[in-house]
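Trainee: Return a 3D structure for these sequence lines:
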Amino acid sequence: MGVAVYFVAVIFRTSLGVAGLEAADRFHVNASALSTFSLLQLLVYAGMQIPVGLMVDRLGTKRVLTLGAVLFTAGQLGFALAPSYGTALAARALLGCGDAMTFISVLRLGTRWFPARRGPLMAQLAGLVGMAGNLVSTLVLAPVLHGLGWVAAFAGSAVAGLLVLVPLVLFLRDHPEGCGPPPAPARPAAGGGGFVRRQIRDSWREPGTRLGLWVHFTTQFPAMVFLLLWGMPFLVEAQGLPRTTAAGLLTLVVASNMAFGLLYGQIIGRRQGARLPLALGTVGATAALWAAVLFFPGERAPMWLLVTLCVVLGGCGPASMIGFDFARPANPAERQGTASGITNMGGFLASMTTLLTVGVLLDATGDDYRIAFSSVFVVELLGLARILRLRGRTLAREREREAALARRRPAPLPAPVHSAPVRGAGADRDPADCGPGA
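Mentor: From the prediction side, this is the model:
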C-alpha cells in the first residue's frame with residue numbers, strides 16, 4: 001500500500017514531463033518560466049525532506065503518507081483546473097509538498113517490515129515500482145492529453161490519488177504486530193525544538209549520512225532532468241524526432257531504470273563493497289554518453305546513440321538509491337527518517353539547479369541544447385569531488401561500528417530441539433523477522 005501511494009506520486013510528479021510543450025502554450029510562457037514549474041516543485045520537495053523525516057520519526061508513516069496523498073491529489077487537480085500561470089505554480093508547489101512525504105515514509109515501512117539484510121533490495125524494489133509511474137505518464141497520460149485535452153488528462157489522473165487514499169486510511173499499519181519501535185529516549189524539557197536540532201545534528205555528524213547525500217546528488221539528477229521536463233523538448237526540437245518516438249525513448253529510460261533497480265539491489269544486498277563502484281561507474285557512464293550525444297559530429301546524434309543514452313540514464317535512479325545504503329547503517333532506528341530525508345535532498349537539489357540552469361541557458365543561447373546540457377558535467381564534477389572526499393571516513397566509520405558490534409554480540413545459544421520458533425504476533429515473534437527498529 002505504501003508503494004502504491006509512491007507510484008501515484010511519481011505519476012503526478014512526472015506528468016509535466018510529457019506535457020511541457022502543451023504547458024508552454026497553455027500558460028504562454030518561455031523556457032525559463034516553464035522550468036519554474038519543475039523548479040518550484042523540486043524546491044518544495046527538497047525543502048520538505050528534513051521536516052518529513054522528522055515527522056516520520058515522530059508521528060509514524062501512516063499519518064505522514066495520508067497527509068501526503070491528500071496534498072498531492074489536491075495539487076494535481078488544481079494544476080488541471082488552474083486558470084493562470086500563478087495558480088498553476090501554486091498547484092505544483094502543493095503537489096511537491098505531498099510528493100515529498102511519500103518516499104521517506106515508504107523507506108521507513110521497509111525498515112519496519114523487513115530484516116536489515118534485505119534493506120538494499122527493498123529500497124530498490126520500492127524505487128522500481130515507483131518509477132513504473134513514469135510509464136503511466138508516457139504511455140497513458142500523454143495519449144489522453146493529446147486526445148482529450150488538458151483538463152481531462154490531469155483531472156482524470158487525480159482520481160488515482162483517491163484510489164490509493166482509501167486503503168491507506170483503512171488498512172495500513174506502521175509495523176508488524178510484535179515488532180513495534182523501541183521505547184523513545186527521554187527528551188529534555190526543551191521540547192520539540194531540542195528534538196529537531198538533536199536529530200538533524202546527530203544525523204549530519206555521521207559521514208555516512210553526508211556521503212549518502214552526495215551519492216544521491218551526483219547520480220540522480222541527469223535522468224530526473226531528462227524525464228521531468230527537458231527530455232521531450234530535447235528529443236523533438238534538437239534531435240528532430242517525432243513525438244511518438246521521443247515518448248518511446250522516455251519509456252526506455254523508465255524500463256531500463258526498473259531493470260537496473262533489480263540488478264543493483266541484488267548486487268548490493270550480497271556485497272556491500274559494490275556500493276561505491278556501482279555509483280561511480282554510473283556517473284562515469286552517464287557523463288560519457290551525454291558527451292557523445294551532445295558533441296556528436298553533425299546536428300543530430302544517430303538513433304543507436306540516443307537509445308544507448310536512454311539505457312544508461314536508466315541506471316541513475318537505482319544508483320541514487322545507493323545513497324540510502326550509506327545513510328541507513330550509519331544511524332540508529334530512531335534517526336532513520338531524518339537521515340533518509342537528508343540523503344533524499346541531494347538528488348533533488350541537483351535536479352532543481354540543473355533544471356533552472358538549462359532553461360536559462362536555452363533562453364540565453366537561442367535554444368542551443370549543447371551549451372545548455374553541458375551544465376550536467378559541472379554538477380557531476382561537484383558531486384564527485386565530495387564523494388571522493390567522504391568515502392574514506394565513511395568506510396572507516398563502518399568498520400569501527402562492525403568491530404564494536406562484533407565485540408558486544410553474545411555467543412549464539414543452541415536452538416531447542418523440542419520446538420520451533422513461532423511465527424506470529426506479539427512476543428513470540430522471532431526478532432530476526434523484524435526490521436532494525438524492532
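Trainee: I'd like to know how many residues surround the closest residue to Tyr369 other than its chain neighbours.
Mentor: Of all residues not flanking Tyr369 in the chain, Ala238 sits nearest, at 4.1 Å (CB to CB, 6 or more residues apart in numbering). All C-beta spots, glycine's among them, are computed from the backbone N, C-alpha and C. For Ala238, the count of nearby residues is 21 (other CB atoms under 10 Å).
Trainee: what's the answer for the one 3 residues further on, then?
Mentor: A total of 19 residues lie near Leu241 under the criterion other CB under 10 Å.
Trainee: close enough to count as contact, it and Phe234?
Mentor: No. If you go by CB atoms under 8 Å, Leu241 and Phe234 don't touch, sitting 9.4 Å apart.
Trainee: thinking again about what came up before, per-residue confidence for the residue nearest to Tyr369?
Mentor: Looking at Ala238, its pLDDT stands at 92.
Trainee: wait, what's in contact with it?
Mentor: 300, 367, 369 (CB atoms under 8 Å, 6 or more residues apart in numbering).
Trainee: The first one: how many residues sit nearby?
Mentor: It refers to Arg300. 13.
Trainee: excluding its backbone neighbours, what's nearest it?
Mentor: Using CB to CB, 6+ apart, the nearest residue to Arg300 is Gln239, at 5.2 Å.
Trainee: next one: Leu241
Mentor: Leu241 sits nearest to Leu235 (CB to CB, 6+ apart), 4.8 Å away.
Trainee: Could you count how many residues lie near the one you found?
Mentor: Leu235, neighbours per other CB under 10 Å, totals 23.
Trainee: residues in contact with stretch 61-75?
Mentor: So stretch 61-75 is contacted by 2, 5, 8-9, 12, 52, 55-56, 91-102, 104-106, 108-109, 112, 158, 161-162, 164-165, 168-169, 172-174 (CB under 8 Å, 6+ apart).
Trainee: What of stretch 269-289?
Mentor: By CB under 8 Å, 6+ apart, stretch 269-289 touches 117-118, 120-121, 215, 218-219, 222, 264, 267-268, 305, 308-309, 312-313, 315-316, 318-319, 322-323, 325-326, 376-377, 380, 383-384, 387, 391.
Trainee: moving C-terminal of the lowest-mean-pLDDT helix or strand in the chain, what's the next helix or strand?
Mentor: Counting by mean pLDDT, DSSP states H and E, the chain has its least confident helix or strand at helix 119-136, which shows a mean of 79. Using DSSP states H and E, the helix or strand that follows helix 119-136 in sequence is helix 142-148.
Trainee: packing partners for that following helix?
Mentor: Helices and strands touching helix 142-148, by 3 or more CB pairs under 8 Å, 6 or more residues apart in numbering; DSSP states H and E, are helix 150-171.
Trainee: and with 6 Å instead?
Mentor: Helices and strands in packing contact with helix 142-148 are not found; criterion 3 or more CB pairs under 6 Å, 6 or more residues apart in numbering; DSSP states H and E.
Trainee: Run the chain-centre distance for the helix or strand where Thr338 lies.
Mentor: Per DSSP H and E: Thr338 is located in helix 336-365. The chain centroid and the centroid of helix 336-365 are separated by 12 Å under CA atoms, centre = their mean, to the nearest Å.
Trainee: how about that helix: buried residues?
Mentor: 336-359, 361-362 (16 or more other CB atoms under 10 Å).
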